[in-house]
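> Whatever this is, show me its structure:
(one chain, ligands or ions: 1)
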Amino acid sequence: MTKTIEINQLNISDTNGKPILKDVSFSIPKGASVGIVGESGSGKSITMKFLLGQLPPTLNASYQGLNLLGSDPYQLSDQERRQLIGRNVGYIPQNTVEYLHPLIKIQTQLIDGYLTHKLGTKAEAIQKAIQLLEYVEITDPQRVLQALPQELSGGMRQRVNIALAMMCDPELIIADEPTTALDAEVQYQVMQLLKQLHEETQNTMVIISHDMSLIKAYCDYVIVIYNGVIQEIGATQEIFIRPQAEYTQALLSVILRLDQDPNEALKDISYYYKKGE
Ligand SMILES: Nc1ncnc2c1ncn2[C@@H]1O[C@H](COP(=O)(O)OP(=O)(O)OP(=O)(O)O)[C@@H](O)[C@H]1O
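Have a look, this model is predicted:
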């Protein structure tokens, strides 16, 4: 089966030699939807930054193998890496405010990558931007194209971010806690949109989250990470029925038992899990 992502024995440590990721290995098949779940500080974002060739220079990495869409980003020139990732990876951020440039109108931000990667003319880029804004259920795309980010609500900005991520028809979408900043109803709408896009375009979708119930609803596979170590990888349904790792069991028992904010639940799990170590 073709793999979109393969990481083999990745170790990352900080300047003091303190390990951040330990022997992380996983692969993600083309077209899958995968959740990476773990509490704050477990190493989810560092894993994704490494994968995208954006590891902070102060951190040290060693690995046996890396494949992102057929290439190891660290073996590419800066230009080749920008081309690979800018063209083929759509990134949806957690923070809807900081991701979009505050002083550049939405239209310019939406069409920039499309034009950079020479996917068509400016008129075609604008047409594509309008189509995508309509797709993400923005009813007045012409006004939004002319707006600055701060003129839009958080939910609207996240819809714009999704449109932005889709402008170059990427093979891979990475959504990093995509709904954290949004209220419950908008969270649901945004997740439904991502699901619909995934089903229609058959892209590979990676959702980083601390929320197991969100992963259960939207991902076929799950990677559970704790303290820089992968605890468990498997089909989501299987893991929900028969979690193997102690940490996953703790994660699920608390989330399934309590009607609780997942963030709060994770704090509890961490406490009980560490006590049992
Ligand atoms: N630039 C850095 N220098 C040193 N340590 C770092 C750096 N970035 C992250 N870390 C450490 O690496 C560990 C993993 O961080 P990471 O951001 O990947 O966690 P996370 O699981 O994504 O958490 P969150 O859900 O809060 O985003 C943490 O202990 C963090 O303090």
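> doesn't Gly31 fall inside a helix?
No: counting by DSSP: H, G, I helix; E, B strand; the rest coil, Gly31 falls outside a helix, being coil.
> Quick one: end-to-end length of stretch 201-217, please.
19 Å (CA to CA, to the nearest Å).
> in that stretch, what's buried?
201, 203-212, 214-216 (16 or more other CB atoms under 10 Å). Placement of C-beta: from N, CA and C, glycine included.
> what about stretch 26-38, average pLDDT?
In this model, stretch 26-38 has an average pLDDT of 94.
> try stretch 191-201
Taken as a whole, stretch 191-201 has an average pLDDT of 90.
> hmm, back to that, I'd like the buried residues of stretch 201-217 laid out as a markdown table, including secondary structure and distance to Pro19.
Output for the buried residues of stretch 201-217, formatted as a markdown table (DSSP: H, G, I helix; E, B strand; the rest coil; distance: CB to CB, whole Å):
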| residue | secondary structure | distance to Pro19 |
| --- | --- | --- |
| Thr201 | helix | 37 |
| Asn203 | coil | 32 |
| Thr204 | strand | 28 |
| Met205 | strand | 29 |
| Val206 | strand | 23 |
| Ile207 | strand | 25 |
| Ile208 | strand | 20 |
| Ser209 | strand | 23 |
| His210 | coil | 21 |
| Asp211 | coil | 26 |
| Met212 | helix | 25 |
| Leu214 | helix | 28 |
| Ile215 | helix | 25 |
| Lys216 | helix | 30 |
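> Of those, which ones also sit close to the ligand?
His210 (CB under 6 Å from any ligand atom).
> And the buried residues of stretch 201-217, which is closest to the ligand?
His210 (5.8 Å; CB to the nearest ligand atom).
> Roughly how far does that closest one sit from Asp176?
11 Å (CB to CB, to the nearest Å).
> One more: Thr201?
Applying CB to CB to Thr201 and Asp176 gives a distance of 19 Å.
> And for Asp14?
For Asp14, the distance to Asp176 - CB to CB - is 21 Å.
> Pro141 too?
With CB to CB as the criterion, Pro141 and Asp176 are 25 Å apart.
> ditto for Asn203
On the measure of CB to CB, Asn203 and Asp176 end up 16 Å apart.
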